[in-house]
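**Q** got a predicted structure plus its sequence, pasted below:
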Amino acid sequence: METPTLNYLNNGHGLASWLLTKDHKRIALLYLVSITVFFAIGGIFATIVRLELLTPAGDLLTSETYNKMFTMHGVVMVFFFLIPSIPAVLGNFLIPIMIGAKDLAFPRINLLSWYIYILGGAFTLYVALTGGVDTGWTFYTPYSTAAANSHVIAAALGVFITGFSSILTGLNFIVTIHRMRAPGLTWFRLPLFVWSHYATSLVMILGTPVIAITVLMVAAERALHLGIFDPALGGDPILFQHLFWFYSHPAVYIMILPAMGVISEIVQAFARKNIFGYSFVAFSSLAIAIIGFLVWGHHLFVAGQSVYAGMVFSFLSFLVAIPSAIKVFNWTATIYKGSVLLESPMLYAIGFIGLFTIGGLTGLFVATMGIDIHVHDTYFVVAHFHYIMVGGAIMGYLGGLHYWWPKISGRLYNEAWARVAAIVVFVGFNLTFFPQFLAGYLGMPRRYHAYPPEYQVLNVLSSAGASILAVGYIVPLIYLTFSLWKGKKAPADPWGSMGLEWEIPSPPPTENFTVTPVVTHGTHQYAPSKEVGVG
Amino acid sequence: MSGHITPKNLYYFVFLALLVGTGLTVVVAKFDLGPLNNVVMLSIACAKALLVILFFMHVRWSSRLTWVVAGSGFFWLLILFGLTMGDYMSRGWIAGSLR
Amino acid sequence: MANGRSGGEHYPGPMHIPSLHGDPGFAGHSGEPPGMYPPHHPKLQHHFDDMADQAEASTLGMWVFLVTEIMFFGGLFMAYLVYRSAYPTGFQEASNHLNVYWGAANTVVLICSSLTMALGVRAAQTSAPPRTQVGWIVATMVLGAAFLGVKVIEYADKFTHHLVPGPYFQWTGKYPDAAEIFYSLYFCMTGLHAVHMIIGLGIMTVIAVMAWKRQFDASYYTPVEVSGLYWHFVDIVWIFLFPLLYLIGFHYH
């Protein structure tokens, strides 16, 4: 009779062993469940938005309710799904393993960060259930401070609280990566996944506190009738926008950098080739994080910011495209003449490269002040950021989830269904968002619940695409969950990949390593004839 | 452990310097020196902060990583201040004149 | 030894701290195979190699946290910078109503508390008797409480003189709007600072209790050190708040 081996999943049973765990792998799973729930909630808001937009007339919802729908969609998706997703699930799970450590530097702070996330989420759910907030996820003043008639304070507090979850995660990663690498693991032997999470953590640490104080100021101004953003007193509403976007622009790099790290890992594994230009990719992660802090004014081009400041921010925004382009080039060069295997993670990765490129190039369009004057606050911008956040970040998340699923769960999922789902996501995504580029360029404003009839065809295409995209997201939910019970047991290295995480059992034991590894070379050093074994 | 044990006398010396700085900044503020008021006030405040950071917070004897971390916080503030004030200061400029 | 440490050394640590689950000989290891974790300081967490490693990580962690605090307060300083540049005379006039002597007294109080805090960390670092350690920490707390007491007096004064922004704000000077913005920032900045002081007092209470229970000596004083870093940071914020809020109007007539 076989006794099951002890791993982190069966080491300790009962609710308390999960809710009071200090194991980074269990905390990653706590996050996995919670962010999936919030993704579904954000998706429901999106569904309502796209249903309203099927017809030109504002016939499904009142304008006030529509405002609440897109606001809640944005707040939930940005703060409760995109920002935590890859770092809190995959980063938490993999970083200690990838550096040969037993856990993160501060396991209890890791657990605390999850509880803080849940508390912030509770505030936001309260807002959603008691009438919503209608300011847009951007909370612009003076509407949010003076005129809005919705739960601004609760929403602001929800964002404020959740920010600390992000800060603590970033703090943990920075200290861990600096101090807990295994013997022989120099910085330039680190997996690129770790580099990108280090860069992400810098952004979390330096940016998040600014939005924290900003939303706190909005809440305080609303509750205590202060006058910091009040134009009647000589206050400047644009000051809010400066403070808000000082974080919220780097925040988009919090969302994309981890996904880029995932892509770097997947591309190497499924092209059976070491990354082209490792140090360029590593330094590009840092460059994106740092330059990303210098560009926020491109959100204020038509807000009343000075033209000269606009020119400076426009130029700096062009600069930040360069390291991203370097990464796209290097991924492509890695795949070129590699032994490419089109398993589902690789399908997501290739989709990412294409869609991120489109999103990034359209970013250059909106970074050009002259063009942005025409497309600001139209669907062109909406399409641009969804290409990056959905076509980029979410596909990176799904690709990573699939790539490391055997390691995390100890089970293999159904590869055929996974490939189908990846293609459905790709098709559904493009059908949803490409028409929005056209609609925006032709002048359709964003955040409008009614529009002139000439935009209807594009909107119907977009809504149809959204329904396909929804299917593409639901199918993995089913087969991944199914695999937990019926999937084949996964070996330590189902993909034939290389890296410390593939040298330990699937699922890993609680302490990750029984013997601290000594590292003598970087990851992904493939011999030409390495065989692959996958279920 | 992190090791360096600071002599008590150094702490007392820094303490006195901080008190002197406080007194100085209050006295100088009584006089209208135009823009110089701001310069003096901020210089003294920065000097006091530096004394606390270097000696009370032991950065003087800490690793380079600690120096970089501590410095990066203040440097990032400068980014926020600099680019934002760049907007405010250039708002009234007449187009094409840089003035 | 599997994890590279030589076994068999008895760790000459501080007074033995019994674990919650009875006394297995050292640091709460019950039910594990003998020798899995060789004798070590009871406060060593198992994902670290040794106490020095753990201390370095903790200190770095606190510094990273302080960077977030710099950026947190920084948003308010940004707002101050913008409005002070826009309304220089209005801000001077508004600041003139603040009592410089209370502000200066508070500055001196906080500087003294930084000294006592530094001496408290040093006491733990040099394995001073618990009474000495606790003494310095309590002195720090008393000074911190004094600071908060003065702030209560100041805030009460603002209430009586209708200087709280909002519907009851009254200003008889030349620049009422700038004054209301100034006082909005005054309450936000000193209020946030006071909240940090209160949290600091809470932290110091915990540290004082731990010191009283003889938990700190030269081999382990990290909690005192990182709490000290937090306390000094709060002091530094006030070092900037005082001149920017209180002194800019000192020569204004």
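**A** Thanks, I have the structure now.
**Q** backbone dihedrals for A:Lys489, please?
**A** phi -60, psi 140 (degrees, to the nearest 10).
**Q** what's the spacing between it and chain B?
**A** 43 Å (C-beta to the nearest C-beta, to the nearest Å). The way it works is simple: take the backbone N, C-alpha and C, and place the C-beta from them, glycine included.
**Q** then A:Tyr348?
**A** The gap separating A:Tyr348 from chain B is 34 Å, by C-beta to the nearest C-beta.
**Q** that residue: which element?
**A** A:Tyr348 belongs to helix A:344-367 when elements are defined using DSSP states H and E.
**Q** is the very next helix or strand once past that helix positioned near chain B?
**A** As assigned by DSSP H and E, the chain's next helix or strand after helix A:344-367 is helix A:369-375. No. Contact of helix A:369-375 with chain B (C-beta under 8 Å from any C-beta of the partner chain) is absent, the minimum separation being 13.6 Å.
**Q** contacts for helix A:369-375 next, please.
**A** Contacts with helix A:369-375, where a contact means C-beta atoms under 8 Å, 6 or more residues apart in numbering or on different chains, come from A:298, A:301-302, A:310-311, A:314, A:365-366, A:381, A:440-441.
**Q** chain center to the next helix or strand after it: distance?
**A** Remark: after helix A:369-375, the chain's next helix or strand is helix A:379-388, criterion DSSP H and E. Relative to its chain's centre, helix A:379-388 lies at 15 Å (C-alpha atoms, centre = their mean, to the nearest Å).
**Q** with just CA atoms, put helix A:379-388 into PDB.
**A** Provided in PDB are the C-alpha atoms of helix A:379-388 (Å, rounded to 0.1, in the frame of the first residue of the first chain):
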ATOM      1  CA  TYR A 379     -12.200  54.200 -27.200                       C
ATOM      2  CA  PHE A 380      -8.700  54.300 -28.800                       C
ATOM      3  CA  VAL A 381      -7.200  54.700 -25.400                       C
ATOM      4  CA  VAL A 382      -9.500  52.000 -24.000                       C
ATOM      5  CA  ALA A 383      -8.400  49.600 -26.700                       C
ATOM      6  CA  HIS A 384      -4.700  50.600 -26.200                       C
ATOM      7  CA  PHE A 385      -4.700  49.700 -22.500                       C
ATOM      8  CA  HIS A 386      -6.800  46.600 -22.900                       C
ATOM      9  CA  TYR A 387      -4.400  45.300 -25.400                       C
ATOM     10  CA  ILE A 388      -1.600  45.600 -22.900                       C
END
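**Q** tell me the buried residues within the contacts of helix A:369-375.
**A** A:298, A:301, A:310, A:314, A:366, A:381, A:440-441 (16 or more other C-beta atoms under 10 Å in any protein chain shown).
**Q** now those residues in TSV, with secondary structure?
**A** Listed next are these as TSV, based on DSSP: H, G, I helix; E, B strand; the rest coil:
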residue	secondary structure
A:His298	helix
A:Phe301	coil
A:Gly310	helix
A:Ser314	helix
A:Val366	helix
A:Val381	helix
A:Gly440	helix
A:Tyr441	helix
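**Q** near chain C, from those residues?
**A** Okay, of those, nothing touches chain C (C-beta under 8 Å from any C-beta).
**Q** surely A:Gly132 meets A:Gly74?
**A** No. The pair A:Gly132 and A:Gly74 does not pass the contact test of C-beta atoms under 8 Å, sitting 11.9 Å apart.
**Q** so B:Ala45 makes contact with C:Leu241?
**A** No. Assessed by C-beta under 8 Å, B:Ala45 is found out of contact with C:Leu241, at 9.4 Å.
**Q** what comes up buried for the longest helix seen in chain B?
**A** Counting residues, the longest helix found in chain B (DSSP state H) is helix B:64-90. For helix B:64-90, the neighbour count (16+ other C-beta under 10 Å) marks B:66, B:69-70, B:72-73, B:76-77, B:79-80, B:83-88, B:90 as buried.
**Q** show me chain B divided up by domain.
**A** Using automatic domain parsing, the domain parsing of chain B gives B:1-62, B:63-99.
**Q** for chain C, same thing?
**A** According to automatic domain parsing, the ranges for chain C are C:1-42, C:51-247.
**Q** returning to that earlier point: quick one, which of the domains of chain B is packed in tightest?
**A** domain B:1-62 (a mean of 16; mean count of other C-beta atoms under 10 Å in any protein chain shown).
**Q** can you tell me if that one touches chain A.
**A** No. Contact between domain B:1-62 and chain A is absent, the nearest approach being 13.0 Å (criterion: C-beta under 8 Å from any C-beta).
**Q** residues contacting A:Pro96?
**A** Counted by C-beta under 8 Å, 6+ apart, A:Pro96 has contacts A:24, A:102-104, A:176, A:180, A:512, C:47.
**Q** tell me the SS of it?
**A** Applying three-state DSSP: A:Pro96 is helix.
**Q** now A:Thr510: how far from chain C?
**A** Distance from A:Thr510 to chain C, by C-beta to the nearest C-beta: 11 Å.
**Q** touching chain C at all, stretch B:17-27?
**A** Yes. Against chain C, stretch B:17-27 shows contacts by C-beta under 8 Å from any C-beta at B:18-19, B:22, B:25-26.
**Q** in a markdown table, list these along with pLDDT and secondary structure.
**A** What follows is the residues of stretch B:17-27 next to chain C, written out as a markdown table (pLDDT from 0 to 100; DSSP: H, G, I helix; E, B strand; the rest coil):
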| residue | pLDDT | secondary structure |
| --- | --- | --- |
| B:Leu18 | 97 | helix |
| B:Leu19 | 97 | helix |
| B:Thr22 | 97 | helix |
| B:Thr25 | 96 | helix |
| B:Val26 | 96 | helix |
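**Q** redo these as CSV? Include distance to A:Phe244.
**A** Below are these laid out as CSV (distance: C-beta to C-beta, whole Å):
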residue, distance to A:Phe244
B:Leu18, 36
B:Leu19, 40
B:Thr22, 36
B:Thr25, 34
B:Val26, 37
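**Q** ok, back up a step: lowest-confidence one in the contacts of A:Pro96?
**A** Lowest pLDDT of these: C:His47, 86.
**Q** contacting residues around that residue?
**A** A:96, A:101-105, A:107, A:180.
**Q** so it: helix, strand or coil?
**A** Taking three-state DSSP, the label given to C:His47 is coil.
**Q** same check on C:Lys174?
**A** coil.
**Q** stretch B:63-79 near chain A anywhere?
**A** Yes. Contact of stretch B:63-79 with chain A is found when judged by C-beta under 8 Å from any C-beta, involving B:65, B:72-73, B:76, B:79.
**Q** for residue 91, give me its contacts.
**A** Just going to use chain A. A:169, A:173, A:197, A:200, A:258.
**Q** should've been chain B
**A** A:305-306.
**Q** which of the helices or strands spans C:Ile203?
**A** helix C:176-212.
**Q** in stretch A:286-298, which residues are buried?
**A** A:286-298.
**Q** which residues in chain C form helices?
**A** Counting by DSSP H, the helices of chain C are C:51-86, C:88-95, C:100-125, C:130-160, C:176-212, C:222-241.
**Q** want to throw the ones you listed into JSON lines with mean pLDDT, distance to A:Ser85 and mean neighbour count?
**A** Below are the helices of chain C laid out as JSON lines (pLDDT from 0 to 100; distance: least, C-beta to C-beta, whole Å; neighbours: other C-beta atoms under 10 Å in any protein chain shown):
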{"stretch": "helix C:51-86", "mean pLDDT": "95", "distance to A:Ser85": "21", "mean neighbour count": "22"}
{"stretch": "helix C:88-95", "mean pLDDT": "95", "distance to A:Ser85": "44", "mean neighbour count": "21"}
{"stretch": "helix C:100-125", "mean pLDDT": "96", "distance to A:Ser85": "40", "mean neighbour count": "23"}
{"stretch": "helix C:130-160", "mean pLDDT": "96", "distance to A:Ser85": "40", "mean neighbour count": "17"}
{"stretch": "helix C:176-212", "mean pLDDT": "96", "distance to A:Ser85": "30", "mean neighbour count": "20"}
{"stretch": "helix C:222-241", "mean pLDDT": "97", "distance to A:Ser85": "30", "mean neighbour count": "23"}
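**Q** done for today, thanks.
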